[in-house]
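Colleague: Starting from these lines, generate the structure:
(chains A, B and C)
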Amino acid sequence: MTSWQSDKTDLSATESRWVDEARAGDRLAFEKLYRSHCDHIYGLCWRLCGGDSALAEDMVQEAFVRAWNKLHLFKGDSKFGTWLPRLAVNVVLSDRRIRVKRLRREQEFDENIERVQVGDRDVFAGLRKDLEAAIAGLPERARTVLILYDIEGYRHEEIAGMTGMAVGSSKAQLHRARKLVREILEDSGNI
Amino acid sequence: MKETELHNAIGALPRSMKPPRDLWPGISERLGAAEPESGTQYRAPLWRAPALAAAVLLALVTGIYIGRGLDTGVEAQPTETVQEAALIGTVKATELEYQAAFSELVPLDYSGLRLTGEEPDALRGSWEALVQAETALLAALKQYPSDIYLNEKLMDLRSQQLQFVKQLALLEQNDWRRT
Amino acid sequence: MANLRTSTLIMMLLSASAFAGQSVDKNWDIDANATISIENVAGNIEIRGWDRNQAQLTGELGDSVDELEINATSSSLQISVVNRNQRNVDSTELKLMIPRGATIDASAVSADIDISDLDNEKLTANSVSGDIDVRAASRRVSIETVSGDLEFSGDTARMSAETVSGDMNLSGLAGEVEATTVSGDMELQAGLLDSLKLETVSGDVTAVAEVSGNGRLSAESMSGDVTIVLPASQNGMFRAQSFSGRISTDFGAVEPAKHGPGSHLKYLAGSNGAEVKVESFSGNIRLKHD
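Modeller: Next up, the predicted model:
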């Protein structure tokens, strides 16, 4: 699209500058932040939403709007790319409390998987597709913890803070999630 | 598959995914009016719903009553797949959540909504359409508790019911705000 | 309704206030693609586009008006009718002329909103019980009421229309369309659509459209009847399902559902990646070709 989209050199200094500019009301700077992080946030929301791409889109938009409104609270003591996903997780979890979600239908999910692109390629070996499906089929809490721990790399203490569950519960949910994923994969003849 | 292999496979999943369409326009729209002067605020449409605190639920003057819920005690029929069982289990859990959320709705003579003229009638009519759909759907589910399609429809309906209540709450909030 | 009077241009000071019961007649120089918003609780909002780089507000303020709040810059204009209290709000009639390309956001409670002669990027109108009538070309349109009716004719590439009980009659649609109602009826006329999402509980829906390659048409209903009219040449995957409604189709054939009650339809025509999906609980479904 524009030249700044692919500019990865010295990203953190550039990004700090964008954050400052965005905080001062510069929407173009905020758009650059968006372009820089939207794929990660979408991936995170998509998985947390169990593969419901329409809902994930809403969540991504809500997250960025909220980020814009809360930029004055972001002190720059952590990186924007750390602060933003936490905010997005919060958006998804808050939404869950008030919304009775439509469950993804198997068909829609498959189509969404087909359409997901990683980089420039549609990459989907059989296992990865089934793995995504298995994760999406998990009960919500188990799925949330699995995503945050195994994919996003948060620690249990952090997950506990974000989700409001006890650290012990986070560990138990992770164990349960991995067990369920194995069972689903075994059932469907994957392993 | 050993647990570590599975762990590695999960960890190898890409964190990032490209959204099916460009989401920036939708975001940009919501960031506020261009060139805000001090004192001019972006005014959201009167009932654009932000996240609704579970406590902010209300009734029309004549009262919105919660419909009946799914009989969550019904024994599950044998199902085709693990995923279907998971779906139905989740529907039941959601039904309990829904009933808890709506239990705060009490038929009141709550006159906080200063709607004029035909407003309450029109809204009541729409709520009744929702409740009628609910009654019919629950009856069907009693007959076919494991039917995936019906379960999905119930989830959709709950969404629509909550959306309706959200809209009312916003109307009410905005009413108070302008006083 | 106040007549549009030609008058000498009067530059008003920022936040000039007007008194209840008075006539309004104000003018501002403003950019061709300015951002304009107007808010009025009861009465009327009429908005018309013209070729001048000016905005002009005329009308009659109701007796309950406390202040007419105005904020004007060279690129933006916000007008808001503030009433003394919310219980007894008298009718305020406003007519606003704006540059044809300006973006507009109009908000009302019981006031009707009537917009025409625009050719702009974005148009938003919200009312609670007032009706909304738009005849304009606008790339992105968002119109919402609770019990008022919606009418749109003109051109757009992105339409979002929502009511609770009001009816909708929308034509000149293209690109992406989302229309939601609980109990209102919907009539939609569209050209080529990339995406059409319709949701109703008990309102009946009739939509005439064509779905582009890789496009998606999705219509969901509880008890409302849904009629979709597509070109005979429409390709794509057709799916329909209903628990107790009757499905009739010119595309493919209806079968009883594989597992459990109801009937369904699944039919593939060609391979353009388009999808047409209609679902109901008890509403009747008709898939017709023109």
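Colleague: use CA for all of it now, contacts and neighbours both
Modeller: Fine.
Colleague: For the nearest residue to A:L44 once chain neighbours are set aside, grab phi and psi.
Modeller: With sequence-adjacent residues excluded and distances taken as C-alpha to C-alpha, 6 or more residues apart in numbering or on different chains, A:L44 is closest to B:R15, at 6.7 Å. Reported as degrees, to the nearest 10, the phi and psi values for B:R15 are phi -70, psi -30.
Colleague: Neighbours of B:R15, how many?
Modeller: Taking other C-alpha atoms under 10 Å in any protein chain shown as the criterion, the count of residues near B:R15 is 17.
Colleague: Check the one 3 residues further on too.
Modeller: Residues contacting B:K18 under the criterion other C-alpha under 10 Å number 18.
Colleague: Skipping adjacent residues, who's closest to it in space?
Modeller: Once flanking residues are discounted, B:K18 sits nearest to A:D39: 5.0 Å by C-alpha to C-alpha, 6+ apart.
Colleague: quick one: the one you found from C:G224, how far?
Modeller: Using C-alpha to C-alpha, to the nearest Å, A:D39 is found at 38 Å from C:G224.
Colleague: does the residue in chain B that chain A sits nearest to belong to a helix or a strand, and which?
Modeller: As assessed by C-alpha to the nearest C-alpha, chain A sits closest to B:S16 within chain B, at 4.0 Å. Secondary structure assigned from DSSP states H and E places B:S16 in neither a helix nor a strand.
Colleague: what sits against it?
Modeller: Applying C-alpha atoms under 8 Å, 6 or more residues apart in numbering or on different chains, we find B:S16 in contact with A:39-44, A:118.
Colleague: Now with 6 Å, please.
Modeller: A:39-40, A:43 (C-alpha atoms under 6 Å, 6 or more residues apart in numbering or on different chains).
Colleague: Going by distance to A:K79, which of those wins?
Modeller: For those, the minimum distance to A:K79 (C-alpha to C-alpha) is 14.5 Å, reached by A:H40.
Colleague: Secondary structure element holding that closest one?
Modeller: Using DSSP H and E, the element containing A:H40 is helix A:27-48.
Colleague: Can I get whichever helix or strand comes after that helix in PDB, CA atoms only?
Modeller: Where DSSP H and E defines the elements, the next helix or strand beyond helix A:27-48 is helix A:53-70. Extracted in PDB, the C-alpha atoms of helix A:53-70 (Å, rounded to 0.1, in the frame of the first residue of the first chain):
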ATOM      1  CA  SER A  53     -14.300 -14.000  11.600                       C
ATOM      2  CA  ALA A  54     -17.200 -11.600  11.700                       C
ATOM      3  CA  LEU A  55     -17.000 -11.300  15.500                       C
ATOM      4  CA  ALA A  56     -13.200 -11.100  15.300                       C
ATOM      5  CA  GLU A  57     -13.400  -8.200  12.900                       C
ATOM      6  CA  ASP A  58     -15.700  -6.400  15.400                       C
ATOM      7  CA  MET A  59     -13.400  -7.100  18.200                       C
ATOM      8  CA  VAL A  60     -10.400  -5.900  16.300                       C
ATOM      9  CA  GLN A  61     -12.100  -2.600  15.500                       C
ATOM     10  CA  GLU A  62     -13.300  -2.200  19.000                       C
ATOM     11  CA  ALA A  63      -9.800  -2.800  20.300                       C
ATOM     12  CA  PHE A  64      -8.200  -0.200  18.100                       C
ATOM     13  CA  VAL A  65     -10.900   2.300  18.900                       C
ATOM     14  CA  ARG A  66     -10.400   1.700  22.600                       C
ATOM     15  CA  ALA A  67      -6.600   1.900  22.100                       C
ATOM     16  CA  TRP A  68      -7.100   5.300  20.500                       C
ATOM     17  CA  ASN A  69      -9.200   6.500  23.400                       C
ATOM     18  CA  LYS A  70      -6.900   5.200  26.000                       C
END
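Colleague: Helix A:53-70 near chain C anywhere?
Modeller: No: Helix A:53-70 stays clear of chain C (C-alpha under 6 Å from any C-alpha of the partner chain), getting no nearer than 11.3 Å.
Colleague: elements contacting that helix?
Modeller: With contacts defined as 3 or more C-alpha pairs under 6 Å, 6 or more residues apart in numbering or on different chains; DSSP states H and E, the packing partners of helix A:53-70 are helix A:27-48.
Colleague: so how far is the helix it packs on off the chain centroid?
Modeller: How far helix A:27-48 lies from its chain's middle: 10 Å, per C-alpha atoms, centre = their mean, to the nearest Å.
Colleague: buried ones in it?
Modeller: For helix A:27-48, the buried set under the neighbour-count rule, 16 or more other C-alpha atoms under 10 Å in any protein chain shown, comprises A:27, A:29-48.
Colleague: lowest-pLDDT helix or strand in chain B?
Modeller: Ranked by mean pLDDT, DSSP states H and E, the helix or strand of chain B with the weakest confidence is helix B:82-102, at a mean of 65.
Colleague: Next SSE downstream of that helix?
Modeller: Using DSSP H and E, the helix or strand that follows helix B:82-102 towards the C-terminus is helix B:119-143.
Colleague: What sits closest to the residue of chain A at minimum distance from chain B if chain neighbours are left out?
Modeller: At 4.0 Å from chain B, A:H40 is the closest residue in chain A, using C-alpha to the nearest C-alpha. Spatial nearest neighbour of A:H40, excluding adjacent residues (C-alpha to C-alpha, 6+ apart): B:S16 at 4.0 Å.
Colleague: State the distance from the residue of chain B closest to chain A to chain C.
Modeller: Using C-alpha to the nearest C-alpha, to the nearest Å, B:S16 is found at 24 Å from chain C.
Colleague: Now do residue 147: how many residues are near it, please.
Modeller: Using chain A here. Close neighbours of A:I147, defined as other C-alpha under 10 Å, add up to 22.
Colleague: meant chain C, my bad for not saying
Modeller: Taking other C-alpha under 10 Å as the criterion, the count of residues near C:S147 is 26.
Colleague: Tell me which residues touch it, please.
Modeller: C:S147 makes contact with C:129, C:165-166, according to C-alpha under 6 Å, 6+ apart.
Colleague: residues near the residue lying closest to A:D150 once chain neighbours are set aside, how many?
Modeller: Among residues not flanking A:D150 along the chain, B:G11 sits closest, at 5.5 Å (C-alpha to C-alpha, 6+ apart). Other residues near B:G11 come to 17 when the count uses other C-alpha under 10 Å.
Colleague: pLDDT at B:G11, what is it?
Modeller: At B:G11, the model reports a pLDDT of 81.
Colleague: picking that back up, look up how far A:G43 lies from the residue nearest to A:H40.
Modeller: As judged by C-alpha to C-alpha, B:S16 and A:G43 stand 5 Å apart.
Colleague: now B:R158
Modeller: With distances taken as C-alpha to C-alpha, B:R158 is found 27 Å from A:G43.
Colleague: about what we covered before: for the residue nearest to B:K18, list the residues it contacts.
Modeller: By C-alpha under 6 Å, 6+ apart, A:D39 lies in contact with B:16-18.
Colleague: could those go into TSV alongside distance to C:T103?
Modeller: What follows is the contacts of A:D39, written out as TSV (distance: C-alpha to C-alpha, whole Å):
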residue	distance to C:T103
B:S16	35
B:M17	33
B:K18	30
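Colleague: packing partners for whatever helix or strand B:S28 lives in?
Modeller: If you go by DSSP H and E, B:S28 is part of helix B:24-30. In terms of contacts (3+ C-alpha pairs under 6 Å, 6+ apart), helix B:24-30 is packed against no helix or strand at all.
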